[in-house]
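Undergrad: Whatever this is, show me its structure:
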Amino acid sequence: MIGVFLLIVGAIGSLVPIVPGFIFFAAGIAVLGTDHAIVRRLMPYVHRVRGWLERRGILKAHKG
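TA: Coordinates of the predicted model:
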C-alpha cells in the first residue's frame, strides 16, 4: 500500500514541479519490488530509458 502511494506521489511530482517526482517514484519501486504487477508493467519503459541513456553515453552499459 505504501509503495503504490509513493508511485502516485511520484507521478504527480513528475507533472507538478513543486514535488520531486523521481525520488518518490524510485522509492515506490524499491518498496514494491520487481515482482509486483505494477512494477512489471513499467519495466519495459525503464529498459527503454536505460538504453537511451547508454546510447548517449550518459550511463555506462549494463553488463549481463
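Undergrad: hmm, who's touching stretch 39-51?
TA: Residues outside stretch 39-51 that contact it (Cβ atoms under 8 Å, 6 or more residues apart in numbering): Ile29, Leu32, Gly33, Thr34, Leu59, His62. Backbone N, C-alpha and C define where each C-beta goes, glycine included.
Undergrad: could you redo the last one with a cut-off of 6 Å?
TA: Here stretch 39-51 makes contact (Cβ atoms under 6 Å, 6 or more residues apart in numbering) with Ile29, Leu32.
Undergrad: Average pLDDT for it, rounded please.
TA: On average, the pLDDT along stretch 39-51 is 86.
Undergrad: Would you map the helices across this protein?
TA: All helices of the chain, identified by DSSP state H, fall at 2-15, 21-32, 37-55.
Undergrad: Can you say which of these is packed in most?
TA: A comparison of the helices of the chain by mean neighbour count, using mean count of other Cβ atoms under 10 Å, puts helix 21-32 on top with a mean of 17.
Undergrad: send the alpha carbons of that one over as PDB?
TA: Provided in PDB are the C-alpha atoms of helix 21-32 (Å, rounded to 0.1, in the frame of the first residue of the first chain):
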ATOM      1  CA  GLY A  21       8.700  13.100  -8.500                       C
ATOM      2  CA  PHE A  22      11.600  10.900  -9.400                       C
ATOM      3  CA  ILE A  23      12.600  10.400  -5.800                       C
ATOM      4  CA  PHE A  24       9.100   9.200  -4.700                       C
ATOM      5  CA  PHE A  25       8.800   7.100  -7.900                       C
ATOM      6  CA  ALA A  26      12.100   5.300  -7.300                       C
ATOM      7  CA  ALA A  27      11.100   4.800  -3.600                       C
ATOM      8  CA  GLY A  28       7.800   3.300  -4.700                       C
ATOM      9  CA  ILE A  29       9.500   0.900  -7.000                       C
ATOM     10  CA  ALA A  30      12.000  -0.100  -4.300                       C
ATOM     11  CA  VAL A  31       9.200  -0.700  -1.700                       C
ATOM     12  CA  LEU A  32       7.100  -2.700  -4.100                       C
END
